[in-house]
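Visitor: Take this sequence and fold it.
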Amino acid sequence: MVIKVIEPQPTMAKEPKVKAKRPRGTGSLYKQPGSKIWWVQFRQHGQRFRESTGTDNLRKAESYLRDKLAEVSLGTYSPRASQVTVAELVEAKLTADRNNARKDVKTSVGRWNLHLKGALGHVKARDLSSALLGKYVERRLADGAPNGTVNRELSLVRASFHAARRQGLLRSVPFFPMLKEPPARHGFLRDDQYQALATACTAEGLWLRSMFEVAYAFGWRRAELKSLKVGQLDFPAKTIRLYDTKNASGRVVVMTQKVEELLTACCEGKGPDDFVFTRDGKPIVEYRKAWERARDAAGCPGLLLHDLRRTAVRNLRRLGVSESVAMKISGHKTANMFKRYDIVSEDDIRDASARLDKKQIDHSSAIANPPGDLSEEKLKVQVVMAQ
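Guide: Numbers count the residues shown, from 1 in each chain. Purely as a prediction, here's the structure:
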């Protein structure tokens, strides 16, 4: 028989926790065995909570603990805040947008699913930093994304963080490194281009000619044009009513003679629930190819249907329509946004100079031929003063 002797193994002493001295009742700071990261421990309503500070710097860890104790004293501390992810915050924001029937929720969902979710969704909200966001921006720019697109993506995440902060789930929001965007578009249709483009739109069909005229006259958005239904038109009163608009405020306009003629033809044989602009009996969904053919044929390369919004605002202001009335027609909610669309062209500047010339000529004529009887000496004084 072989007897195997098992020698006793030396026992390893358990490494103790490293603790930082703190006054009693103000929580505690400690390091787990073998770790350099400081952890905090504190109580709320008699329940003990532990969280990692994510740093090996004692001063930063103490600041983290002070913040947590402040939240406990104010009653705003949430155990979930340290575990919630960016994905949870954004999904909560998208749910709120759906419940509020926001029109841009579909676009926001696309931005989140295409790029943001895979890059930032797994990150803990408390760990999202400007440095991490900067790396995301760098990667998106390397993919060829325009600055404006990247900014819209960051805006979605930023809005989600601000919503969470208002709900008390987060205490602070990180700085979001937004990019500089190119100036807003300044394209518009000149008066001498109108007839050529109207003719080219007619060649594409009554629907495009009518959409063009309404956009040119009132500066409406493409979504407002495509969703327009026959029941919103009151031909005896010559009015059009919009209900479902981008800024959620309805409005009414009076048709011009040309708009009335074209819309009458578009609505012939249709019911109140039918769409005004149709092609082969179907609502207009995609119009870009037909528009591009029309604009190129008219010699207006690069002109967008949305540029007619600027054109309408510019025309209304040139005709002397007050800013408040023009805003009600075009649907601009703020004066700042309206002024972005109030484009001043070189022709406008030339017209201003011509008016100044006329004023100067009238002024000189008044000096050369003063009203009433003036003595020669007084006349000389006036001429000298004018010079």
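
Visitor: what's the domain layout of the protein?
Guide: With domains defined by automatic domain parsing, the chain comprises 86-166, 191-341, 346-386.

Visitor: how about those, which one is nearest residue 51?
Guide: Comparing the domains of the chain by their distance to residue 51 (C-beta to C-beta), the top pick is domain 86-166, with 9.1 Å. Bear in mind the C-beta positions are built from the backbone N, C-alpha and C, glycine included.

Visitor: returning to what we had before: may I see the domains of the chain organised as JSON lines, with distance to residue 37, mean pLDDT and mean neighbour count added?
Guide: Listed next are the domains of the chain as JSON lines, based on distance: least, C-beta to C-beta, whole Å; pLDDT from 0 to 100; neighbours: other C-beta atoms under 10 Å:
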{"stretch": "domain 86-166", "distance to residue 37": "13", "mean pLDDT": "92", "mean neighbour count": "16"}
{"stretch": "domain 191-341", "distance to residue 37": "48", "mean pLDDT": "86", "mean neighbour count": "16"}
{"stretch": "domain 346-386", "distance to residue 37": "64", "mean pLDDT": "55", "mean neighbour count": "10"}
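
Visitor: In TSV: those domains, plus distance to residue 57.
Guide: As requested, the domains of the chain are exported to TSV (distance: least, C-beta to C-beta, whole Å):
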stretch	distance to residue 57
domain 86-166	15
domain 191-341	44
domain 346-386	60
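
Visitor: For residue 130, give its distance to residue 212.
Guide: According to C-beta to C-beta, to the nearest Å, residue 130 and residue 212 sit 46 Å apart.

Visitor: of all the domains of the chain, which lies closest to residue 38?
Guide: Residue 38 lies closest to domain 86-166 among these, at 14.7 Å (C-beta to C-beta).

Visitor: Which parts of the stretch 1-150 of the chain are strands?
Guide: For the stretch 1-150 of the chain, strands defined by DSSP state E, counting those that start in this stretch occupy the ranges 18-20, 28-31, 38-44, 47-52.

Visitor: in its sheet, what does the shortest one sit against?
Guide: Same thing as strand 18-20. Taking DSSP bridges as the criterion, strand 18-20 sits next to strand 28-31 (antiparallel) in its sheet.

Visitor: With only the CA atoms kept, save the strand it pairs with in CSV.
Guide: In CSV, the C-alpha atoms belonging to strand 28-31 read as follows (Å, rounded to 0.1, in the frame of the first residue of the first chain):
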residue,chain,number,x,y,z
SER,A,28,-16.7,56.3,3.7
LEU,A,29,-14.1,55.9,1.0
TYR,A,30,-12.3,52.6,0.4
LYS,A,31,-10.4,50.6,-2.2
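
Visitor: how far out from the middle of the chain is that strand?
Guide: Taking the mean of its C-alpha atoms, strand 28-31 sits 45 Å from the chain's own mean (C-alpha atoms, centre = their mean, to the nearest Å).
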